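> Task: produce atomic coordinates for the following.
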Amino acid sequence: MRVLIVGGGPAGLYLAHLLKRDNPAHDVVVRERNRSGDTFGFGVVFSDNTLDTLASHDAVVHGELQQATVRWDPIEVRHRGETIHAYGHGFSAIPRIKLLQLLQGLASGVGAELQFERDVTGAAELEGFDLVVAADGVNSVVRDAYPDAFDTTVKQGATKFAWFGTTKRFDSLTFIFEQSQHGWFGAHSYPIDDATSTFLIECDEQTWRNAGFDGPEHDPSTPGASDLLGMVYLEKLYAKHLAGGKLLANNSKWRTFPTISNGTWRYENVVLMGDAAHTAHFSVGSGTKMALEDALALADALRENADINAALEQYERVRRPAVERVQSAAQPSQAWWERMSPLMERDPDDLSFHFLTRTPRVTLDGLRVRDQVLVRRFQESWAARHGVDRRTSALAAPLALDGVTLANRLAVPVIGASLAEIAAPALSGAGLVVVSLGEGNDMSEAVDYVHEHTGALVMARLYGVEAGSLGQMAERAAADGFDMLEVAADAGTLDAVRGAWPAERPIAVRIAVANNSPLDVDRCVAAASAMAEQGARMVVVELPARASADVVGEGAWRALLACECIRVEHGVAVMLEGGIESNDAANTAIMSGRVDLCAGRPLLTGGDWPNREGR
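Next up, the predicted model:
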């Protein structure tokens, strides 16, 4: 088989090695537009899990990497003069040029032909090969030569970043937040050898503009050129962390991160791999990991299938779910950096916990498995800020709203209208029971029973009520003794109930997300803003099960992001209904400050709730 691999990065070089290793009769050519010693950027990071996966598939390359990398365990978060160490996160790193040299040696050592300074400009140069592999990165010439074939989507990120190095050797993966007169900057730094570290800087676009980095004097328009003025600015800002070290430039220019996805990775005898096929934000350190895993999967498929079409189908079928999981995990991490600045007012413990749990896949219990001491510190810090015993979980802590106090932060919606159905979750320990109030039902006996026998509050949800009846229903709910009222976040609903509902009892508004529709964070926040200005004291974000478990798992974290933006920007309490299926996830969401309450019956059965007799 004649194979042309366009792109001499990690994906292309590793695939060339694997193909020639598996079948020396293959004619494998790698064409790279740059020189063999050229590389942009500084270091490449691998988690311990990534190296373990590689070891199970390729002991030779794993052994080479183990000898060439530097390893560390903790993650450091530096903020407001403090450093938080989070242990149990094993990583290794290697200079990018060293990784390329290692893979070049492996590929050429088994007989692959490496052609450097050989540009590919269009489809005509791809003829005469049985298989063409596009491993030529984000701006893939091969992919773009077939504009209608792959259904490519490119979504540019909202932050600006520049990739520097430094002569300061950091001891571990270190995130450093510093404020200049122009705004907040965040650094991602990690050691790559005995004397050098990567130093990647990120900030929001407004800070970037405030600092003047959009000016013509900062324009490194020459390929490979760097923003040296920006480098001087950042050296001064991070001087105490660099401790005499200098920043290093290598194509270090400001850019935005493109998230790339393709409807298909194959077209006739052409297949996409690595960044040409997909990208995930660098804050999860997955680019090279995915490239190497792509190469392994494609080599396996070609070895197991004599038919190229069948091999390419298998490759995409095997790899796409894994890639989408990584992209799913990267989205909330990228969103965290895009909304970083408002979070910087938090104290170091609060910010560090929020940062470490920026993706829903990392929870309080998950951190506890890695570092019990750190989690104890986070819990004690949260308890002190909220005036509760350090042994009290976030979900079990009380919550004060205007005029009322909830015994804990667990809400349970009930559908039925009988006393037993309403009282059951309260007797089991829920702090708030949410009752859908229908016309013609007298709820006073059930509400009185809950108040007499438990410490729970009861909220009336006016669901499916005609606009003209809202006032009457609110008046009835008040007479029945409900502690809170919930209405849909529609124009006029608050005005319709305001006069009929006691001013000292809070009114909540519900923002429902439709099934099969992605949650629009900005729409949710805008709707909450309008309701908060009209006097709503709590917002309920309702996420249907189907919306929280969509194909890439976006629903839950988008809902959490919307909740947090509402809390931070408008100062109202937020309850998330749906998307949180465990007490661990609920405690994480509350401790991180993304929500105030979580609603769901599974949380009631998953916790150790006291039966609170006597109000």
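
> so where's this protein uncertain?
Along the chain, segments meeting pLDDT under 70 span 439-441, 514-518, 545-554, 606-615.

> tell me, what residue is most central in it?
In the chain, the residue lying closest to the centroid (CA atoms, centre = their mean) is residue 332, at 2.0 Å.

> how about the strand or helix carrying that one: buried residues?
In this structure, residue 332 sits in helix 308-338 according to DSSP states H and E. Buried residues in helix 308-338, counted by 16 or more other CB atoms under 10 Å: 308, 311-312, 314-316, 318-320, 323-324, 326-338. Where C-beta positions appear, they are placed from N, C-alpha and C, glycine not excepted.

> what sits against residue 270?
Residue 270 makes contact with 126, 132, 133, 134, 142, 146, 149, according to CB atoms under 8 Å, 6 or more residues apart in numbering.

> Could you list everything the closest residue to the fifth one other than its chain neighbours pairs with in the sheet?
The spatially closest residue to residue 142, leaving aside those adjacent along the chain, is residue 134, at 3.5 Å (CB to CB, 6 or more residues apart in numbering). On the basis of DSSP bridges, residue 134 is bridged to residue 6, residue 272.

> Quick check, residue 134 in contact with residue 140.
Yes: the pair residue 134 / residue 140 is scored as a contact, 5.1 Å apart, by CB atoms under 8 Å.

> shared neighbours, these two?
6, 7, 272, 276.

> can you tell me which residues contact the first one?
Shown here is residue 6, whose contacts under the criterion CB under 8 Å, 6+ apart are 12, 31, 120, 126, 132, 133, 134, 135, 136, 140, 141, 142.

> Can you name the helix or strand that residue 529 falls in?
Per DSSP H and E, residue 529 falls inside helix 521-533.

> Tell me the buried residues in that helix?
Buried residues in helix 521-533, counted by 16+ other CB under 10 Å: 521, 524, 525, 527, 528, 529, 530, 531, 532.

> now do stretch 135-153
By neighbour count with 16+ other CB under 10 Å, stretch 135-153 contains the buried residues 135, 136, 137, 140, 141, 142, 143, 144, 145, 149, 150, 152.

> Among those, which ones are in helices?
141, 142, 143, 144 (DSSP state H).

> Would you quantify the distance from residue 261 to residue 28?
If you measure residue 261 against residue 28 using CB to CB, to the nearest Å, the figure is 28 Å.

> Give me the more crowded residue out of those two.
Set residue 261 next to residue 28 and count neighbours by other CB atoms under 10 Å: residue 28 wins out with 27 against 20.

> How about the more buried one: which residues does it bridge to?
residue 3.

> who's in contact with residue 541?
Residue 541 touches 511, 513, 524, 559, 562, 563, 566, 574, 575, 576, 577, counting by CB under 8 Å, 6+ apart.

> Quickly find the element holding it.
Counting by DSSP H and E, residue 541 is part of strand 538-542.

> what are the pairing partners of that strand, and which direction each?
Partners of strand 538-542 in the sheet, by DSSP bridges, are strand 507-512 (parallel), strand 573-577 (parallel).

> between it and helix 521-533, how big is the angle?
In terms of direction (axes from the mean of the first three to the mean of the last three CA atoms, to 10 degrees), strand 538-542 departs from helix 521-533 by 150 degrees.

> Taking the contacts of residue 541, please make a ChimeraX selection of just the buried ones.
Selection of buried members from the contacts of residue 541 for ChimeraX, criterion 16+ other CB under 10 Å:
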select :511,513,524,559,562,563,566,574,575,576,577
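
> and of the contacts of residue 541, the nearest to residue 293?
residue 559 (30.0 Å; CB to CB).

> Would you enumerate the residues in contact with that closest one?
Residue 559 sits next to 513, 519, 541, 543, 548, 576, 578, 579 when contact means CB under 8 Å, 6+ apart.

> 7 Å instead?
Shown in contact with residue 559 (CB atoms under 7 Å, 6 or more residues apart in numbering): 519, 541, 543, 548, 576, 579.

> From residue 589, how far off is it?
Relative to residue 589, residue 559 is positioned 10 Å away (criterion: CB to CB).

> Quick check: neighbours shared by those two?
Residues touching both residue 559 and residue 589 (CB under 7 Å, 6+ apart) are residue 576.

> returning to what we had before: what is the nearest of the contacts of residue 270 to residue 204?
Residue 204 lies nearest to residue 134 out of those, by CB to CB, at 32.8 Å.

> Relative to residue 449, how far out is that closest one?
Taking CB to CB, one finds residue 134 at 68 Å from residue 449.

> So if I had to pick from the two, which one is more boxed in?
Counting neighbours by other CB under 10 Å for residue 134 and for residue 449 shows that residue 134 has the greater number, 32 against 17.

> Hmm, the more buried one is touching residue 269, no?
No: contact criterion CB atoms under 7 Å: residue 134 and residue 269 do not qualify, at 11.3 Å.

> Could I have the CA atoms of stretch 281-297 written out in PDB?
What follows is stretch 281-297 as a C-alpha-only set of coordinates in PDB (Å, rounded to 0.1, in the frame of the first residue of the first chain):
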ATOM      1  CA  HIS A 281      -9.100  23.400  24.300                       C
ATOM      2  CA  PHE A 282      -5.500  23.300  25.500                       C
ATOM      3  CA  SER A 283      -6.600  23.700  29.100                       C
ATOM      4  CA  VAL A 284      -7.400  19.900  29.300                       C
ATOM      5  CA  GLY A 285      -4.000  19.100  27.700                       C
ATOM      6  CA  SER A 286      -5.400  16.600  25.100                       C
ATOM      7  CA  GLY A 287      -4.100  17.600  21.700                       C
ATOM      8  CA  THR A 288      -1.100  15.300  21.400                       C
ATOM      9  CA  LYS A 289      -2.900  12.600  23.400                       C
ATOM     10  CA  MET A 290      -5.700  12.500  20.800                       C
ATOM     11  CA  ALA A 291      -3.200  12.700  17.900                       C
ATOM     12  CA  LEU A 292      -1.300   9.600  19.200                       C
ATOM     13  CA  GLU A 293      -4.500   7.700  19.900                       C
ATOM     14  CA  ASP A 294      -5.800   8.500  16.400                       C
ATOM     15  CA  ALA A 295      -2.600   7.000  15.000                       C
ATOM     16  CA  LEU A 296      -3.000   3.900  17.000                       C
ATOM     17  CA  ALA A 297      -6.600   3.400  16.000                       C
END
